[in-house]
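Asker: fold the following and give me the result.
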Amino acid sequence: QVQLVESGGGLVQAGGSLRLSCVASGGTFTRYVMGWFRQAPGKDRDLVGQINGSGALTYYSDSVKGRFTISRDNTKNTVYLHMNSLKFEDTAVYYCAANTHPGLFQREYDTWGQGTQVTVSS
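Answerer: Residues are numbered from 1 along each chain as shown. Next up is the predicted model:
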């Protein structure tokens with residue numbers, strides 16, 4: 001079973017940038033579709049985007065398309081979420097997740113990291 005550890009969250013001003021990292025261990029990293037989700041207080045955990053095992057295919061939610069980019073380095077078992085032009089409404093706990101097939105919803109992912117807080121000040 002793969003294990004995931006996120007890092008890179010913090011406080012940033014609106015319009016700024018941040019990069020989150022998620023390191024995987026204990027599994028064959030390239031087998032996994034990696035997703036990034038986020039959850040604001042009182043709201044559901046929603047998909048931000050996902051990337052397939054090779055890194056060739058990505059999907060983004062409409063709310064972040066054009067501002068966020070997901071990449072992965074399979075030599076380092078790491079997936080990244082590059083966030084640009086951050087908005088106040090991007091404030092949330094961000095989670096990475098792993099699954100052997102793509103999915104749009106929380107319930108479709110098997111394995112989760114502990115989450116990292118991103119706070120965007122307006």
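Asker: buried ones in the helix or strand containing V79?
Answerer: In this assignment (DSSP states H and E), V79 forms part of strand 78-83. Neighbour-count burial for strand 78-83, counted by 16 or more other CB atoms under 10 Å, picks out 78-81, 83. C-beta: built from backbone N, CA, C; applies to glycine.
Asker: ok, stretch 96-108 next?
Answerer: Applying a neighbour-count criterion of 16+ other CB under 10 Å, one finds 96-99, 103, 106 buried in stretch 96-108.
Asker: sitting in strands, which of those residues do you find?
Answerer: 96-99 (DSSP state E).
Asker: could I get these as a markdown table with distance to Y32 and pLDDT?
Answerer: Shown next, in a markdown table, are those (distance: CB to CB, whole Å; pLDDT from 0 to 100):
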| residue | distance to Y32 | pLDDT |
| --- | --- | --- |
| C96 | 10 | 98 |
| A97 | 9 | 98 |
| A98 | 4 | 97 |
| N99 | 7 | 95 |
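Asker: nearest to T111, of these?
Answerer: Distance to T111 across those (CB to CB) is lowest for A98, with 4.4 Å.
Asker: wait, what's in contact with the closest one?
Answerer: By CB atoms under 8 Å, 6 or more residues apart in numbering, A98 lies in contact with 2, 4, 24, 27, 32-35, 109-111.
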